[in-house]
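S.K.: here you go, sequence then predicted model.
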Protein chains: 2
Amino acid sequence: MSLYEELMKANEHYAASFDRSSLTAPPARKLAVVVCMDARLTVEEFLGLRTGDAHIIRNAGGVVTEDALRSLIISHKLLGTREFLVINHTDCGMLTFKDEDLRRRLAEETGADASELEFHAFDDLEANVRAQVQKIKDSPFIADDVVVRGLIYDVKTGRLREVA
Amino acid sequence: MSLYEELMKANEHYAASFDRSSLTAPPARKLAVVVCMDARLTVEEFLGLRTGDAHIIRNAGGVVTEDALRSLIISHKLLGTREFLVINHTDCGMLTFKDEDLRRRLAEETGADASELEFHAFDDLEANVRAQVQKIKDSPFIADDVVVRGLIYDVKTGRLREVA
């Protein structure tokens, strides 16, 4: 069985006992979380969230890019979230390369122009979290009374630590 | 107890029985998924994924923005994923507004210049999924033999349906 067939079979199983049809779009806990895409981070589990509780925004690094801000504005203004968490993690792939090296590699491997690509690699995890939290606080489109915190998830212990 | 205290307490509980410290960064199933941030979508559960299996990229709509492409390139080139899914869902908030209306509202409410913001709202769910899959296929930085599929998740049944 291919991976895709396996996933579709798992989904059939999920749908067979599905009991969440009464949930509506606004997150029940008025929470939005920006987290790294890393496969080791099972966000709902390590925060104790249930289906329907929170918007979960994920990208490489858990970076507050323009796109993450777009999602947060929609979350806050249209769907009523009032509290945000930014979560980066130890052993992140973003700590292991430099943007310029990946740009060079892509150009060499593909022949396409990679000079405009920004990857948001970083070398100081705590400083990165603090910078992401600040980007949200600086946005004129997020109300000042929205609470924003920054945390680091330790992939060796499963534990969160507040850093901003 | 505040929401934040509750989440931290749940995390303590999670860490107390944590047994995933041997996982490494590359996703075990070589899979990356682009999904909407919607609170009703518990991605690992409805796909039967375990911690460590897949990169999960999420934003408002499950749109293949430049930032989602950035994450997919890192996922594919640096962490070895070979198969992508794009998943949008029924009853998506992105079907309920127009970019220009939200820009106008933000400008009125905040006085800040919102004219450059792009929200990627859409009005045809299936067409949107197909367009996102195509954006990945068109990227010169994703190898041609990476398999890309597009699906719609039904929030009333929990069921996935392939559309691209």
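M.R.: Good, I have the coordinates. None of the values given here were measured: they were computed from a predicted structure. Residues are numbered from 1 along each chain as shown, chains lettered A, B, ... in the order given.

S.K.: for chain A, what spans make up the helices?
M.R.: Taking DSSP state H as the criterion, chain A contains helices spanning A:3-16, A:43-47, A:66-79, A:99-110, A:125-138.

S.K.: and those helices as CSV, adding mean neighbour count and distance to B:Glu100?
M.R.: C-beta: built from backbone N, CA, C; applies to glycine. Below are the helices of chain A laid out as CSV (neighbours: other Cβ atoms under 10 Å in any protein chain shown; distance: least, Cβ to Cβ, whole Å):
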stretch, mean neighbour count, distance to B:Glu100
helix A:3-16, 15, 36
helix A:43-47, 21, 33
helix A:66-79, 23, 14
helix A:99-110, 14, 33
helix A:125-138, 18, 24
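
S.K.: can you tell me which of these comes nearest to B:Glu6?
M.R.: For B:Glu6, the closest of the helices of chain A is helix A:43-47, at 9.2 Å, according to Cβ to Cβ.

S.K.: contacts for the closest one, please.
M.R.: For helix A:43-47, contacts defined as Cβ atoms under 8 Å, 6 or more residues apart in numbering or on different chains pick out A:33, A:35, A:49-51, A:53-54, A:56, A:58, A:87, A:153, A:158, A:160, B:7, B:10-11, B:14-15, B:42, B:44, B:51.

S.K.: those residues in strands, which ones?
M.R.: In strands, defined here by DSSP state E, the members of the contacts of helix A:43-47 are A:33, A:35, A:54, A:56, A:58, A:87, A:153, A:160.

S.K.: and those near chain B, which?
M.R.: By Cβ under 8 Å from any Cβ of the partner chain, the members of the ones in strands among the contacts of helix A:43-47 lying near chain B are A:54, A:56, A:58, A:160.

S.K.: any idea how far A:Arg149 is from the last one?
M.R.: With the distance defined as Cβ to Cβ, to the nearest Å, A:Leu160 ends up 10 Å from A:Arg149.

S.K.: which of those two has more neighbours?
M.R.: For A:Leu160 versus A:Arg149, neighbours defined as other Cβ atoms under 10 Å in any protein chain shown are more numerous around A:Leu160 (23 against 17).

S.K.: who's in contact with that one?
M.R.: A:Leu160 neighbours (Cβ under 8 Å, 6+ apart): A:46-47, A:87, A:151-154, B:8, B:11.

S.K.: and if we set it to 10 Å?
M.R.: Neighbouring residues of A:Leu160 by Cβ atoms under 10 Å, 6 or more residues apart in numbering or on different chains: A:46-47, A:85, A:87, A:89, A:149, A:151-154, B:7-8, B:10-12, B:14-15.

S.K.: with A:Ala131 instead?
M.R.: Contacts of A:Ala131 (Cβ under 10 Å, 6+ apart): A:63-64, A:86, A:122, A:124, A:150, A:164.

S.K.: let's go with 8 Å and repeat that
M.R.: With contact set as Cβ under 8 Å, 6+ apart, A:Ala131 has no partners.

S.K.: what's the nearest residue to A:Arg20 if we skip its chain neighbours?
M.R.: Among residues not flanking A:Arg20 along the chain, A:Thr51 sits closest, at 5.4 Å (Cβ to Cβ, 6 or more residues apart in numbering or on different chains).

S.K.: for the one you found, grab the count of nearby residues.
M.R.: Other residues close to A:Thr51 by other Cβ under 10 Å number 17.

S.K.: and A:His120, by the same measure?
M.R.: A:His120: 19 surrounding residues under other Cβ under 10 Å.

S.K.: how close does it sit to chain B?
M.R.: 7 Å (Cβ to the nearest Cβ, to the nearest Å).

S.K.: surely that residue touches A:Val64?
M.R.: No: the criterion here is Cβ atoms under 8 Å, and A:His120 misses it with A:Val64 at 9.5 Å.

S.K.: most neighbours among the ones in strands among the contacts of helix A:43-47, which one is it?
M.R.: Within the ones in strands among the contacts of helix A:43-47, neighbour counts (other Cβ under 10 Å) peak at A:Arg58, which reaches 29 neighbours.

S.K.: does that one touch A:Thr42 like I think?
M.R.: No: with contact defined as Cβ under 8 Å, A:Arg58 does not count as touching A:Thr42 (11.5 Å).

S.K.: so what's A:Pro26 up against?
M.R.: Taking Cβ under 8 Å, 6+ apart, we find A:Pro26 in contact with A:79-80, B:39.

S.K.: same question for A:Leu117.
M.R.: A:99, A:102-103, A:106, B:70, B:73, B:141.

S.K.: next, it: phi, psi?
M.R.: Dihedral pair for A:Leu117: phi -80, psi 130, per degrees, to the nearest 10.

S.K.: okay, now the nearest residue to A:Leu3 once chain neighbours are set aside: neighbour count?
M.R.: Leaving aside its chain neighbours, A:Leu3 sits nearest to B:Arg29 (5.8 Å; criterion: Cβ to Cβ, 6+ apart). B:Arg29 has 19 neighbouring residues, counting by other Cβ under 10 Å.

S.K.: no further queries at this time; thank you.
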